[in-house]
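> Below: sequence and its predicted model.
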Amino acid sequence: MATPEQIQELLGAIQKLSQEVQALKVENQTLQQISQEVQTLKAENVVLKQLMTARDNPPEPELPPMPLSSGKFDGASRKVKEFLDACKLYFTYRPILFATSKARVGFMISNRSGNALSWVTPLVMGEDPSLQDYEGFCTLIKQTFERPETTYLACEDLLDAHQGSMDVLTYISNFKTLAA
């Protein structure tokens, strides 16, 4: 039989083991909590990365047909300023739709006709870099269609000249196509 000292010693050892088991249970619970928190943080991190990507690369908005009140720009030099001002005003009142240069230039292209449309077609087909830069595109329009006052009337007369039922520029374009 065991002596009272041995029994006390065994009880002490049992209590010590019980405390160690309890400490391990607490440690295990803490590890489980930490593991759950890590999983939560990982999930939040994925969401934050998606939000950052969406913020840095916003989707291009669908542009409904929205003609300018002044009508489509046909390339007439007297209408360059009017067209650019109308577009700028349009963009000012629709900032969400026209947040990017590409959206602005796309809108400007969709509001062209005649010579102005013929002029922009090769730029679009060739994916010209100016189509990504609103300010640069406006400058290009001014350089192409705006005329100095000294030659304004002569240019207007030339642009308004007709060969049969076609304006001169269309006639020349058709002639070059047939001659090729």
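Perfect, I can see it now.
> tell me the contacts of the residue nearest to residue 169 when sequence neighbours are not counted?
Leaving aside its chain neighbours, residue 169 sits nearest to residue 115 (5.3 Å; criterion: Cβ to Cβ, 6 or more residues apart in numbering). Backbone N, C-alpha and C define where each C-beta goes, glycine included. Going by Cβ atoms under 8 Å, 6 or more residues apart in numbering, residue 115 touches 74-75, 159, 167, 169-170.
> Distance of residue 115 relative to residue 100?
For residue 115, the distance to residue 100 equals 27 Å [Cβ to Cβ, to the nearest Å].
> still on that earlier bit, now, the contacts of residue 115 that are in strands?
residue 167 (DSSP state E).
> So among the contacts of residue 115, which ones count as buried?
When the contacts of residue 115 are checked for burial by 16 or more other Cβ atoms under 10 Å, the buried set is 74-75, 159, 167, 169-170.
> Give me the phi and psi angles of residue 96.
Main-chain dihedrals, residue 96, degrees, to the nearest 10: phi -70, psi -40.
> Apologies, that question was intended for residue 72.
Per degrees, to the nearest 10, the backbone of residue 72 is at phi -80, psi 150.
> tally of neighbours for it?
For residue 72, the neighbour count with other Cβ atoms under 10 Å is 16.
> How about the contacts made by the nearest residue to it once chain neighbours are set aside?
Spatial nearest neighbour of residue 72, excluding adjacent residues (Cβ to Cβ, 6+ apart): residue 113 at 4.1 Å. Residues counted as contacts of residue 113 (Cβ under 8 Å, 6+ apart) are 72-74.
> now, among the residues you listed, which is nearest to residue 133?
Nearest to residue 133, judged by Cβ to Cβ, of the contacts of residue 113 is residue 73 at 18.4 Å.
> State the distance from the closest one to residue 81.
Distance, residue 73 to residue 81, using Cβ to Cβ: 11 Å.
> what do you get for residue 4?
Counting by Cβ to Cβ - residue 4 and residue 81 are separated by 110 Å.
> ok, these two, which is more surrounded?
Between residue 4 and residue 81, counting by other Cβ under 10 Å, residue 81 is the more crowded of the two (11 against 7).
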